[in-house]
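>>> Got a predicted structure plus its sequence, pasted below:
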Amino acid sequence: MTDHRDLPMPPPVAGRVLDADLDLLDRQILDPDGVPVSTVDDLELTDPDDLEHLDPDTPPVVSALLTGPILATRIFGGRMPDSRFIRIPWKVVADPGIVVTVGVAADSLDASWAERWMSEHVIGRIPGGRHDPE
Amino acid sequence: MILSDLLGSPVLTADGERLGAVVDARLVLDGPPDGMLAAARVYGLVVSPHSHSSFAGYERTGVDAPALIARFLRWRARGSMLVLWADLASFTDDVVRLRPGATLYSPRLSGDSA
Amino acid sequence: MKGLFAVALGVLTAIGGFVDIGDLVTSSVVGSRFGLTLAWVLVLGTVGICLFAQMSGRVAAVSGRATFEIIRERLGARLAVANLSASFLINLLTLTAEIGGIALAMQLASSISPGLWFPVAAFAVWIVIWRVRFSILENVTGLLGLALVVFAVAVFFLHPDWSALGSQLLQQPSPHTDESPATYWYYAVALFGAAMTPYEVFFFSSGAIEEKWKPKDLAQSRVNVLVGFPLGAILSLSIAACAAIVLLPKGIAVTSLYETALPIAQAFGKIGLIVAILGFVAATFGASLEVTLSSGYTLAQFFGWPWGKFRRPAHASRFHAAMILSLVVALGILLTGVDPVQVTEISVVFSAIALPLTYLPILIVANDPKYMGDHVNGRVTNVVGLIFLGIILVASIAAIPLMIVTGAGA
């Protein structure tokens, strides 16, 4: 097999380059206050019109970060129905660095429902749960 | 379509020869603005002949240390390449097929990537 | 002067906080059966934990990322899940041992059976984590743990045969020992696992983020680790030495903390015993807090939940729920009647098995300029780090076969 050092460099592009698995997958998502939202467990891409004859001019575009139960299907296999995805739309992403920052508060996203549930129904009900530690 | 549909899928040349498996998708943020960032389009796929995943991307980032680990992981990812979206013909039955005359590029990231 | 006070506090906390039930039990068992011939393992393990705690603290201070977040980001989800399962289960085992250790220490103090202390200990650990601030939690138990210095002092008061101790250090077994080589190496792995327990690294790096370390705090953390940990290891060595002096010649086996404390009773009588018990309680309680927090840290960091004692519980609810669940499970295991000393001995060996899972990602990330900027590892650190990774791998692979061959050190 050819050593990659002998292969030509691809044409340059005018935009930030991210490798999906290396730079996005499994990264922490934080809100503007640094509150953890969730992890990037998968990416939702737009579907090409015709998978048998891919159109070179319309590559798939990232429409949303996916989180939650999709982690299980990524690790163990299988595919859950699209309607069950927990999505963080690309348009709320502010900065994809070593953490992915979104531009909206954590509580406003679907992705934080489990944390809110646990907080309201379990932990918040134990005495002292809503106070800062002393 | 989701990313993990692509990851791990075998990649065949136009003649049916097996090139390897998809270990990553290279995205470029040069689309029209979508929220705070530009839209991220799939620029190409990183294909590895010998493994189904890339561990920490040593073959692309140029990180050299620690020496023994870097050498081992680069060996494991030897022969990796980038194929551009425009060179992909089809993605059916979880198999990616290339167009005839597709160019194989180096997967190295230039210094100013994310 | 305030700076000096902070430095002293950090070092003293590190010394007192170094010892946990694994160190207490393993050191005294090893001393009572092998004399000081295994002291070299303690030295090796201490160098290793200093190296990796320092590295993980530096990674946390510079990148703001804690260990398990890095394991998930660098290993990818599949390997990280395997790592999480193993680490979490071993953490749970260690937690069971530590809570059991509190009960053993309280048994010495009160002559009430440990079984009654288990629920009290678990509840006490929870209430402290629930309400007490991180820095107070750390400092109080660490300082009280300094009571274990009584073991170091006792070594001199027991009038040992110094030349016999010295020759044991140089690998001449005592005439009272008749253990097989396999058992020797089994306990070497156990002692190594006791010195380098994974939870210490999870805790240390998450603690760095709890206390909001920045690169300018690195110098302080370096002093805490490089001065505090070795001095803490001297406490472990003293416990082994006391066992070598008093228990070994009489062939007394360590089956509870009573035997561990026997040399102190011999040297200092009742007063010494009280001090030793204070040290035991502080060490096991402090370690229980750390291991419980580590269980919360590993799960929360893997799944990306909000975590940290710096957040009120309602703002880190799954983190707190995970810790409550861990304490309940550990309590459940103890209430089935298992012997806490045996749980401890098994937990340190399994810690040795899990070590590579934790250390490899840290070594990799400590070299990644995207996380570390200019603070990446130097060449020397990498060479030593790779050597230790090799040692850790050998210990990890040898653990199970040795356990089988020696019947878990019988």
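Noted; the coordinates are in hand. Since the model is a prediction, treat every value here as computed from it, not as a measurement. Residues are numbered from 1 along each chain as shown, chains lettered A, B, ... in the order given.
>>> starting at the chain centroid, how far to stretch C:186-202?
Offset of stretch C:186-202 from its chain centre (Cα atoms, centre = their mean, to the nearest Å): 7 Å.
>>> same thing with stretch C:353-364?
When distances are taken as Cα atoms, centre = their mean, stretch C:353-364 is centred 16 Å away from the chain's centroid.
>>> Let me see the ranges of the helices in chain A.
In chain A, the segments counted as helices under DSSP state H are A:70-76, A:113-121.
>>> ok, now which ones touch the residue lying closest to C:Val343 once chain neighbours are set aside?
Nearest residue to C:Val343 in three dimensions, chain neighbours excluded: C:Ala97, at 4.7 Å (Cβ to Cβ, 6 or more residues apart in numbering or on different chains). Just so you know, the C-beta spots here come from the backbone N, C-alpha and C atoms, and that holds for glycine as well. Counting by Cβ atoms under 8 Å, 6 or more residues apart in numbering or on different chains, C:Ala97 touches C:21-22, C:340, C:343-344, C:347.
>>> again with C:Gln54
C:221-222, C:225-226 are the contacts of C:Gln54 under Cβ under 8 Å, 6+ apart.
>>> Identify the farthest-apart pair in the contacts of C:Ala97.
Across these, no pair lies farther apart than C:Gly22 and C:Pro340, at 11.4 Å, counting by Cβ to Cβ.
>>> ok, back up a step: tell me the secondary structure for the residue nearest to C:Val343?
Following DSSP: H, G, I helix; E, B strand; the rest coil, we place C:Ala97 in the helix state.
>>> where does B:Ser90 fall, phi/psi-wise?
phi -160, psi 160 (degrees, to the nearest 10).
>>> That one and A:Leu51 touch, don't they?
Yes - with contacts counted by Cβ atoms under 8 Å, B:Ser90 reaches A:Leu51, the gap being 6.3 Å.
>>> Looking at the two, which is more packed in?
B:Ser90 (17 against 12; other Cβ atoms under 10 Å in any protein chain shown).
>>> where in the chain is pLDDT low?
No chain was given, so I picked chain A. A:1-5 (pLDDT under 70).
>>> ah, no, chain C please
Where chain C drops to pLDDT under 70, the residues are C:1-2, C:172, C:174-175.
>>> how about the residues of chain C that lie near chain B?
Residues of chain C lying near chain B by Cβ under 8 Å from any Cβ of the partner chain: C:74-76, C:78, C:360, C:363-364, C:367-370, C:376-377, C:379, C:382, C:385-386.
>>> in chain B, which spans are helices?
Under DSSP H, chain B gives helices at B:3-6, B:58-61, B:67-76.
>>> Mean pLDDT lowest where, among the ones you listed?
The weakest mean pLDDT among the helices of chain B belongs to helix B:58-61, with a mean of 76.
>>> Only C-alpha atoms, please: export that one in CSV.
Provided in CSV are the C-alpha atoms of helix B:58-61 (Å, rounded to 0.1, in the frame of the first residue of the first chain):
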residue,chain,number,x,y,z
TYR,B,58,-1.7,10.2,15.0
GLU,B,59,-1.4,9.7,11.2
ARG,B,60,-3.1,13.0,10.5
THR,B,61,-2.0,15.5,13.1
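>>> and it, does that touch chain A?
Yes - Helix B:58-61 lies within reach of chain A by Cβ under 8 Å from any Cβ, at B:59-61.
>>> Enumerate the residues of chain C near chain A.
C:63, C:65, C:69, C:72-73, C:76-78, C:80-81, C:130-134, C:303-307, C:309, C:312-315, C:317-318, C:320-321, C:370-371.
>>> Can you list which of these are found in strands?
Residues of those located in strands (DSSP state E): none.
>>> and the biggest helix by length in chain C with helix A:113-121, angle?
For chain C, the helix with the greatest residue count under DSSP H is helix C:257-303. Interaxial angle, helix C:257-303 versus helix A:113-121 (axes from the mean of the first three to the mean of the last three Cα atoms, to 10 degrees): 130 degrees.
>>> where exactly do the strands run in chain A?
Counting by DSSP E, the strands of chain A are A:16-19, A:28-30, A:36-39, A:42-45, A:62-67, A:86-89, A:93-96, A:100-102.
>>> what's in contact with the last one?
The set of residues that contact strand A:100-102 without belonging to it, under Cβ under 8 Å, 6+ apart, is A:24, A:27-32, A:37, A:40, A:65, A:88, A:92-95, A:109.
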